[in-house]
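Engineer: sequence and predicted model, in that order:
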Amino acid sequence: MRDAVFLATMLLLLPLAVARPFVGILLWSWISFMNPHRLVYGAAGSMPWAMMVFAATLLGCVLAGEPKRFAFNAVTGLIIALMIAFSVTTMMALGSPGAAYAKWEHVEKVLLGLLLTASLLTERRRVHALVWVMVISIGYYGVRGGIFSILTGGSYRVWGPEQTMINDNNHLAAALLVTLPLMNYLRQQSRNAPVRIGLAAAMCLTLLATVSSYSRGALLGLGAATAVLWWRSSRKVVTGAVLAVCLAGALAFMPAQWTERMQSIGSYDADASASERLVLWGISLKLALDRPLVGAGFTGPYTRSVVDTVAPGGPARAVHSIWFELLGENGFPTFALWLMLTLAGVYYCFRLVAISRNRPELAWAYDFGRMAQVSIVAFLVSGTFLSLSYWDFYWTLLVVIAGAHSIAKRELVVEASAGARGWRQHAFARANPGLAAPPEPEPGMAVATGSAAAPPLARPLAKRPAAAV
């Protein structure tokens, strides 16, 4: 029954993606982040839904004539550079060509979809809608995991959907951490009291699910995100009290076995898992130093023959670090581009906050810029211990941040133009009581401003003599 419902829903939504391309982007993001087809048990679970939705969206773009122009900014420019860099490192990969190409194909498709997403983020409503999709997609597992933790007393780990990037408990915990600040942004912006209450409840359950993942890296990420959230809050006393109560309640709820596992953070040198991660990081660094321009290529650190070239007999498996995974697979130049992508997102976050401060009409941009900073910190700290270098959710967040910055700047320009028109009309009304406001200057007309008694007049621009042209 679940399979039939999902199949029928998708068959209804695919034509809508053709009719409205941005709806296709929302649907593609939902499929990519939440992976709802992994929650069914029939034929629909193995169908390439993401590819089908993206194809329908491209068809809709052709029919609707969207996007009108390419959204070029620091984030999209770096995405294009990364697509080129990944192609070069894949051609020089040391591991299995088939495995390297398969991973390259997946990453390139994601980046191509992000470029289309950026170009269709043309207004605030679309930014808001995409953030809602992101929150619903990951928040579903947070709410479900929180309820599961309550029912089981936190005795079992919370896991993500099978055959996805967030299946592992550590990966799911990092995803929930990144999503929590976005939930808070939607709560701040919602005018509907039931929605605000529902989002607050979802945040509590998601926090409990994060803790119940038993992920030590997520606990460190939670600490860092909490500190940044408190620092960026406007009411630090109230925010600090609420955060302290929520964290204390979640930690007190967990059983003794959870406490014992978290205490092992302080004795990482005696923990086999932590010690092996240090070895894996060292191998990735050696691979990068051995081939600094291109690294070992996709799946290189996972390949026995490749690892033996720098560390004979060393572990050949997941690197468990966004930093060392990207560095070992792609070398220093590509690592620099990948790092600059995050720095561009951080820059746009600070600019969003700066240009929207004390502007009620841009309160959405102010709140989003502050919460996005918390999400970035949560990803960077949690990802230090996870193989999530190519996570599409995080890249989408950076694209949304850049898009929100462009929209906020455009709204400021519109506001400034409206203010200038209002000033001209006010000056004319004072100088000419009872007369209608002057018409706006036409293109190619210069505006001459006189005294208060002489209204501004529009005159044609003087033409130069033909001999002077």
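Structural biologist: Thanks, I have the structure now.

Engineer: check contacts around the spatially most central residue of the chain.
Structural biologist: The residue lying closest to the centre of the chain (C-alpha atoms, centre = their mean) is Leu397, at 1.3 Å. Going by C-beta atoms under 8 Å, 6 or more residues apart in numbering, Leu397 touches Met134, Val178, Leu182, Gly345, Ala372, Ser375, Ile376. Where C-beta positions appear, they are placed from N, C-alpha and C, glycine not excepted.

Engineer: the first one touches Leu180, doesn't it?
Structural biologist: No. Between Met134 and Leu180 no contact is recorded; they are 11.7 Å apart, counting by C-beta atoms under 8 Å.

Engineer: what about Lys384, distance to Ala224?
Structural biologist: You called it Lys, but residue 384 is Thr. Counting by C-beta to C-beta, to the nearest Å, the gap from Thr384 to Ala224 is 10 Å.

Engineer: hmm, Ala318 is touching Ser284, no?
Structural biologist: No. Look at Ala318 against Ser284 with C-beta under 8 Å: they stay out of range, at 10.5 Å.

Engineer: looking at the two, which is more packed in?
Structural biologist: Ser284 (27 against 14; other C-beta atoms under 10 Å).

Engineer: tell me the spacing between that one and Leu380.
Structural biologist: 17 Å.

Engineer: now the residue nearest to the centre of the chain: which helix or strand?
Structural biologist: helix 392-431 (DSSP states H and E).

Engineer: buried residues in stretch 52-61?
Structural biologist: By neighbour count on 16 or more other C-beta atoms under 10 Å, the buried set for stretch 52-61 is Met52, Val53, Phe54, Ala55, Ala56, Thr57, Leu58, Gly60, Cys61.

Engineer: typo on my end, it should be stretch 217-237
Structural biologist: So for stretch 217-237, counting by 16+ other C-beta under 10 Å, buried means 217-222, 224-226, 228-230, 232-233.

Engineer: can you list contacts of it?
Structural biologist: 170, 173-174, 176-177, 180-181, 184, 207, 210-211, 239-240, 243, 247, 262, 265, 370, 373-375, 377-379, 381-382, 384-386.

Engineer: out of these, name the ones that lie in helices.
Structural biologist: 170, 173-174, 176-177, 180-181, 184, 207, 210-211, 239-240, 243, 247, 262, 370, 373-375, 377-379, 381-382 (DSSP state H).

Engineer: list buried residues within those residues.
Structural biologist: 170, 173-174, 176-177, 180-181, 184, 207, 210-211, 239, 243, 262, 370, 373-375, 377-379, 381-382.

Engineer: what ranges does the protein have for its strands?
Structural biologist: Taking DSSP state E, the strands of the chain run over residues 445-448, 457-460.

Engineer: please parse the chain into its domains.
Structural biologist: For the chain, automatic domain parsing gives the domain ranges 1-66, 67-413.

Engineer: what is the mean pLDDT for the first one?
Structural biologist: Per-region confidence: domain 1-66 scores 90 on mean pLDDT.

Engineer: what do you get for stretch 343-362?
Structural biologist: 94.

Engineer: doesn't Ile283 make contact with Arg317?
Structural biologist: No. Counting by C-beta under 8 Å, Ile283 is not a contact partner of Arg317; they are 9.8 Å apart.

Engineer: now the common contact residues for those two.
Structural biologist: In contact with both Arg317 and Ile283: Pro301, using C-beta under 8 Å, 6+ apart.

Engineer: more crowded one of those two?
Structural biologist: Counting neighbours by other C-beta under 10 Å for Arg317 and for Ile283 shows that Ile283 has the greater number, 24 against 14.

Engineer: I'd say that one and Tyr302 touch.
Structural biologist: No. Taking contacts as C-beta under 8 Å, Ile283 lies outside contact range of Tyr302: 10.8 Å.

Engineer: for the stretch 201-350 of the chain, which segments count as helices?
Structural biologist: Secondary structure of the stretch 201-350 of the chain by DSSP state H, counting those that start in this stretch: the helices cover 216-232, 236-253, 256-263, 272-290, 304-307, 322-356.

Engineer: quick one: which of those helices is nearest Arg191?
Structural biologist: Comparison of those against Arg191 by C-beta to C-beta identifies helix 322-356 as nearest, at 18.4 Å.

Engineer: give me every residue that touches His106.
Structural biologist: Per C-beta under 8 Å, 6+ apart, neighbours of His106: Tyr390.

Engineer: one step back: output the contacts of Leu397 as TSV; include the columns distance to Leu278.
Structural biologist: Converted to TSV, the contacts of Leu397 look like this (distance: C-beta to C-beta, whole Å):
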residue	distance to Leu278
Met134	33
Val178	25
Leu182	32
Gly345	28
Ala372	31
Ser375	27
Ile376	25
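
Engineer: which of the residues you listed lies closest to Trp391?
Structural biologist: Val178 (8.8 Å).

Engineer: residues near the closest one, how many?
Structural biologist: 28.

Engineer: give me the pLDDT for it.
Structural biologist: 96.

Engineer: with the one 10 residues further on instead?
Structural biologist: We note a pLDDT of 92 for Gln188 in this prediction.

Engineer: before we move on, what about Ala270?
Structural biologist: 52.

Engineer: same question for Pro460.
Structural biologist: 43.

Engineer: same question, Val319
Structural biologist: pLDDT, Val319: 92.

Engineer: quick check: it vs Leu327, distance?
Structural biologist: Taking C-beta to C-beta, one finds Val319 at 9 Å from Leu327.

Engineer: between those two, which contacts overlap?
Structural biologist: Listed as contacting both Val319 and Leu327 by C-beta under 8 Å, 6+ apart are Ser284.

Engineer: didn't Trp132 look like it was pressed against Gln189?
Structural biologist: No. With contact defined as C-beta under 8 Å, Trp132 does not count as touching Gln189 (10.2 Å).
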